[in-house]
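Q: this is a predicted model, with the sequence first.
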Amino acid sequence: ERSINAHKSLRAAVGEETYRKLTQDLLHTGNHSFDQLINRLVEQPNDVAWFDKLVSRQVSSYFEQKRASQQNFKTRYEEVKSFVDNAIQFKEHPRLKRSILVDGANYSLQAGGKRLRAVLAYIMCVDKFGFSPELTQPVLQLLEYMHTASIIFDDKPSQDDADLRRGKPALHKHYQSEAMAELTGVFMMMRAVEVQSRNDGFEASRVLESLAYASSTTQAICEGQWLDLESKSQQIDLRQLELICELKTGLAIEASLMIPAILAGEHDIEKGHIKQFAKHLGQAFQIKDDLLDYCGDSDVLGKPTLQDTTIGKASFVTCLGEE
């Protein structure tokens, strides 16, 4: 069909008489019936050029596949997120006389959120390593409890001093008590350790290794938070900002990928790849977060914008500019 189109283009360019002479002198195969067939096809009206058809099909197919992929991603994400939401709710504690700390923990958990870390961990555990969803629950609880506790501390007046979190009053504002917020945060962190230590679906040595990793990583995240707070009203360069981002944001994402890998007994080379991936994903996440703080909609975000600018804290936007 491409050859026929080439003949038609030539015929249109040189005229019928010259084209007929060319077919007699040059453009023939020596097979009379075949050459006649070619001539008949060349004389037929042009429908749609072959290449246009190909491009049209390819473009149409691309967008159809993209739409299907986006829909599949959205459906899958919502399914996993729903599983996470149900798995992380605090139950009553047998040794507590009152439920106030449980209520505080659930208030913060039920505020919503993307559950990005827990969703990543679920995909690693279930899709990559083949663990059952039930076996994965303690890992999801560990990650979400630790993350939510860090948010509770982060919102306090002594740190980022945020009144809103995910569209609701921050925990210390909800209870009008910083002490309540602090104790709830510690309570959630200890529950995170407890649920993972009771995870008897894996080898005990791997569970211990995952807890040691989680504890060590949390300590490094604390340093990242302190460096972040210390950057207020300071001129810091991109290298320092990337270090803060790696400690404060990247390590939390790394944990969601590394803990499943540890429990699966993954080899060190693959763990190295995971750490490298998490570092870049954490940086991308933080850049987007900084941009949303700078030019996002507070009603959509569920928290005030321009927080970094207001308190003079360094961010990728303040360091590099919006563009």
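A: Received the coordinates, thanks.

Q: all strands for the chain, in order.
A: In chain order, the chain shows strands spanning 164-165, 168-169, with DSSP state E as the criterion.

Q: least reliable of those by average pLDDT, please.
A: By mean pLDDT, the lowest-scoring of the strands of the chain turns out to be strand 164-165, with a mean of 82.

Q: isn't residue 109 up against residue 86?
A: No - taking contact to mean C-beta atoms under 8 Å, the distance of 11.1 Å between residue 109 and residue 86 leaves them out of contact. The C-beta positions use only the backbone N, C-alpha and C, and glycine is treated the same way.

Q: show me where pLDDT drops low in the stretch 101-250 of the chain?
A: When residues are selected by pLDDT under 70, those of the stretch 101-250 of the chain lie in 233.

Q: go again using 90 as the cut-off
A: Low-confidence segments of the stretch 101-250 of the chain, defined by pLDDT under 90: 110-114, 154, 158-168, 225, 227-238, 241, 248.

Q: for it, what spans make up the helices?
A: Defined through DSSP state H, counting those that start in this stretch, the helices belonging to the stretch 101-250 of the chain, from first to last, are 116-122, 133-155, 171-174, 178-197, 204-230, 238-245.

Q: which one of these lies nearest to residue 271?
A: Between residue 271 and these, the tightest spacing by C-beta to C-beta is seen for helix 204-230, at 9.9 Å.

Q: quick one: distance of that closest one to the chain centre.
A: 21 Å (C-alpha atoms, centre = their mean, to the nearest Å).

Q: what helices or strands is that helix leaning on?
A: Other helices and strands packing on helix 204-230, by 3 or more C-beta pairs under 8 Å, 6 or more residues apart in numbering; DSSP states H and E, are helix 133-155, helix 178-197, helix 238-245, helix 251-264.

Q: mind listing what's buried along it?
A: Across helix 204-230, burial judged by 16 or more other C-beta atoms under 10 Å covers 207, 209-211, 213-214, 217-218, 221, 224-225, 227-229.

Q: could you work out the most separated pair of these?
A: When the buried residues of helix 204-230 are compared pair by pair using C-beta to C-beta, the two farthest from each other are 207 and 229, 33.1 Å apart.

Q: returning to what we had before: TSV for the strands of the chain, including mean neighbour count and distance to residue 142?
A: As requested, those are arranged in TSV below (neighbours: other C-beta atoms under 10 Å; distance: least, C-beta to C-beta, whole Å):
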stretch	mean neighbour count	distance to residue 142
strand 164-165	20	21
strand 168-169	16	24
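
Q: give the contact list for the residue nearest the centre of the chain.
A: The structure's the chain has its C-alpha centroid closest to residue 116; by C-alpha atoms, centre = their mean the separation is 6.2 Å. Contacts here follow C-beta atoms under 8 Å, 6 or more residues apart in numbering; on that basis residue 116 touches 253, 256, 285.

Q: one more time with 10 Å, if that's ok
A: Residues near residue 116 by C-beta atoms under 10 Å, 6 or more residues apart in numbering: 77, 81, 143, 147, 252-253, 256, 281, 285.
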